[in-house]
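>>> when you get a sec, could you give me coordinates for this:
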Amino acid sequence: MSTGNFSLAAKVKLPNGKLMPQLQLGLYMMSRQEAKTAVRCALAVGYRGFDCAQMYRNEREAGQAIRDYLSGSNGSAAGDLTRLDVFYTSKLASNSTSYNAVRQSIRQSVEACGLGYIDLFLLHSPYGGREARLTSWKAVEDAIAEGEIKSGGVSNYGVKHLEELMESKPRIHPTVNQIEVHPFNTQTEIRAACAKYGIVVEAYAPLARAMRMRHPTIQKLSNKYSCTPAQLMIRWSLQHGLVPLPKSVKRERMIENAQVGGFEISAEDMKTMDSLDEKLVTDWDPTDAP
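You can find the predicted model right below:
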């Protein structure tokens, strides 16, 4: 990633050739009303990727906000934007050994968002055991074949879960593994496994849920690069080739989080930030699930 030219228009190429925004808005822990407002606001300031999930209980509102914005209702100035310009992700709440249950669940997510299809659909966690994981993945493959979703992936998958899926010889390979990654939990082993299989890593909680903003090293480097701690951590993600998903309901924060093109962290300082790893888990960690 070159310095000085990052914008919300930047995209990464998935293994299947499709393009995905490199910085997206996470919708976790947003109420239905917050999600509706945040998505509308984010679209207006230039965000084109939105990370949702069945467990967030705001799929309907997120999709409605996208549709309203694109249609120009609510006074939005969508311009020439179309559905193709917006990248929408959702996730399966629970893996199941019932193929039909998963297929129905995927259809419900497509219906809930009202966007016609879902750009990226992930298995939210590896919980449920091997049979449930592989059955759920087969349902994702078939949903892709039928046009309900464009790309499939996983979330919170550890190395053994990735190996298990790839050793099962899937018809369609996962394009993404979404895991918690930030300088205080660098996930080097899982990231290496993803690199081995060409899987893109999405970083949730890229700001460590603000738990380490006052860390001396973060403060020192923020001062050095004349940026905020949040901008520093997002830039770290981008320079590692990750796709960060910072969450915010505030317009000024959304703008701040995206203004990371004016500086580049040196290789030495990237190593310093890498060394902050303390395996900090800010919420849950299913990556060792049996």
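
>>> rest of the way, CA atoms for contacts and neighbours
Will do.

>>> can you list the weak-confidence ranges in the chain?
1-4, 73-78 (pLDDT under 70).

>>> recalculate using a threshold of 50.
By pLDDT under 50, the low-scoring segments of the chain are 1-3.

>>> in it, mark out all the helices, start to finish.
In the chain, the helices defined using DSSP state H lie at 32-45, 59-71, 99-113, 130-145, 159-167, 188-196, 216-224, 229-239, 251-258, 267-274.

>>> relative to helix 99-113, how tilted is the longest one?
Using axes from the mean of the first three to the mean of the last three Cα atoms, to 10 degrees, one finds that helix 130-145 and helix 99-113 are set 50 degrees apart in direction.

>>> touching helix 130-145 from outside, list them.
95-100, 102-103, 106, 121, 123, 126-127, 149-152, 164-165, 168, 170-172 (Cα atoms under 8 Å, 6 or more residues apart in numbering).

>>> ok so, going back, need the helices of the chain in a markdown table (columns: distance to Val176 and mean neighbour count).
Listed next are those as a markdown table, based on distance: least, Cα to Cα, whole Å; neighbours: other Cα atoms under 10 Å:
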| stretch | distance to Val176 | mean neighbour count |
| --- | --- | --- |
| helix 32-45 | 22 | 20 |
| helix 59-71 | 20 | 22 |
| helix 99-113 | 17 | 18 |
| helix 130-145 | 13 | 20 |
| helix 159-167 | 11 | 16 |
| helix 188-196 | 8 | 15 |
| helix 216-224 | 28 | 15 |
| helix 229-239 | 15 | 23 |
| helix 251-258 | 22 | 17 |
| helix 267-274 | 22 | 14 |
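
>>> want to throw these into a markdown table with distance to Lys18?
Listed next are the helices of the chain as a markdown table, based on distance: least, Cα to Cα, whole Å:
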| stretch | distance to Lys18 |
| --- | --- |
| helix 32-45 | 21 |
| helix 59-71 | 20 |
| helix 99-113 | 19 |
| helix 130-145 | 13 |
| helix 159-167 | 20 |
| helix 188-196 | 17 |
| helix 216-224 | 34 |
| helix 229-239 | 19 |
| helix 251-258 | 22 |
| helix 267-274 | 29 |
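
>>> among those, which is nearest His182?
Closest of the helices of the chain to His182 is helix 229-239, at 7.0 Å (criterion: Cα to Cα).

>>> which strands and helices sit next to that closest one?
The contact analysis (3 or more Cα pairs under 8 Å, 6 or more residues apart in numbering; DSSP states H and E) places helix 229-239 against helix 216-224, strand 243-244, helix 251-258.

>>> show me what the longest one is packed up against.
This means helix 216-224. Using 3+ Cα pairs under 8 Å, 6+ apart, helix 216-224 sits against helix 229-239, helix 267-274.

>>> just the angle for that helix relative to helix 229-239, thanks.
Using the same axes, to 10 degrees: helix 216-224 against helix 229-239 is 90 degrees.

>>> and if you look at the last one?
Here helix 251-258 points in a direction 40 degrees away from that of helix 229-239 (the same axes, to 10 degrees).

>>> Met211 - how many residues pack around it?
Met211: 11 surrounding residues under other Cα atoms under 10 Å.

>>> so how far is Pro229 from it?
According to Cα to Cα, to the nearest Å, Met211 stands 11 Å off from Pro229.

>>> make sure Leu8 is actually in contact with Pro21.
Yes. With contact defined as Cα atoms under 8 Å, Leu8 reaches Pro21; the gap is 7.2 Å.

>>> any residues in contact with both of the two?
Arg48.

>>> looking at the helices of the chain, which is closest to Gly17?
Short answer: helix 130-145, nearest of these by Cα to Cα, at 14.3 Å.

>>> how far off helix 159-167 does that closest one point, in degrees?
60 degrees.

>>> tell me the gap between helix 130-145 and the middle of its chain.
Distance of helix 130-145 from the chain centroid (Cα atoms, centre = their mean, to the nearest Å) equals 20 Å.
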